[in-house]
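I'll drop the sequence and a predicted model, then ask my questions.
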Amino acid sequence: MDVWEAIKLVDAIVFSQTGEHLDDLQAGIVEGVLKRKKYTDIAKSYECTEGHVKDISYNLWHILSTALGEQVNKKNLKTTLLRHGCLNIWGGTFSESNVIGNVQFCGSISQKQIVNESPDFSRGKHQEKIEIAVKLRQRGWDDLQIIELLGLSPEDIQNI
């Protein structure tokens, strides 16, 4: 899976908040940040100033922070997505070639298949997804979008 799939996730979150999809520069900022590029390098790629990239980034981080309920910035984008159970990465890193390694968006493969988790830990992760689902519903997401994003069952969503 490549960086563009992570961009799709961020695009879905931004769309849920603003009704607008990422533009080229915003997508480039997400890509650049995940590849650990500096704002100056991103600016050169998009033929704009570093200040402009910083302004657009600030707005993007604010939208993501509001949606996810915690501060998001250049330094914690990947870990914030991980923490919210929306992106699981193991055995790879974001790299210049766009290859992340093995990436899973929200539940195609059970976490138990990756690591041996205790039942209490699994219940906590499930509860966290339910809490995120409630927030997404409040922001106007429909059940199918939530199921696809979080990997919950239709029964889980009906019980919310």
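Nice, I can see it. Numbers count the residues shown, from 1 in each chain.

tell me the strands in the chain, going along the chain?
Remark: strands assigned in the chain by DSSP state E are 88-90, 102-104.

residue ranges of the helices in the chain, please?
3-18, 24-34, 39-45, 50-68, 77-83, 111-114, 119-138, 143-150, 154-158 (DSSP state H).

Tabulate those helices (a markdown table), appending mean pLDDT and mean neighbour count.
Quick note: C-beta positions are derived from backbone N, CA and C, even for glycine. Formatted as a markdown table, those follow (pLDDT from 0 to 100; neighbours: other Cβ atoms under 10 Å):
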| stretch | mean pLDDT | mean neighbour count |
| --- | --- | --- |
| helix 3-18 | 83 | 18 |
| helix 24-34 | 95 | 21 |
| helix 39-45 | 97 | 17 |
| helix 50-68 | 94 | 17 |
| helix 77-83 | 78 | 17 |
| helix 111-114 | 34 | 13 |
| helix 119-138 | 77 | 14 |
| helix 143-150 | 83 | 18 |
| helix 154-158 | 85 | 12 |
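
tally of neighbours for the residue nearest to Leu64 when sequence neighbours are not counted?
Residue nearest to Leu64 in three dimensions, not counting chain neighbours: Val72, with 4.1 Å by Cβ to Cβ, 6 or more residues apart in numbering. Look at Val72: counted by other Cβ atoms under 10 Å, it has 23 neighbours.

Contact partners for Val72?
Trp61, Leu64, Ser65, Thr80 (Cβ atoms under 8 Å, 6 or more residues apart in numbering).

try Gln138
Gln138 makes contact with no residue, according to Cβ under 8 Å, 6+ apart.

so how far is Thr80 from it?
For Gln138, the distance to Thr80 equals 19 Å [Cβ to Cβ, to the nearest Å].

Ile56 too?
18 Å.

Relative to Ile13, which of the contacts of Val72 is nearest.
Using Cβ to Cβ, Leu64 is the member of the contacts of Val72 that lies nearest Ile13, at 6.2 Å.

hang on, isn't that closest one packed against Ile13?
Yes - Leu64 is within contact range of Ile13, at 6.2 Å (criterion: Cβ atoms under 8 Å).

How about Thr66, nearest residue that isn't a chain neighbour?
In space, and not counting its chain neighbours, Thr66 is closest to Gln17: 6.3 Å by Cβ to Cβ, 6+ apart.
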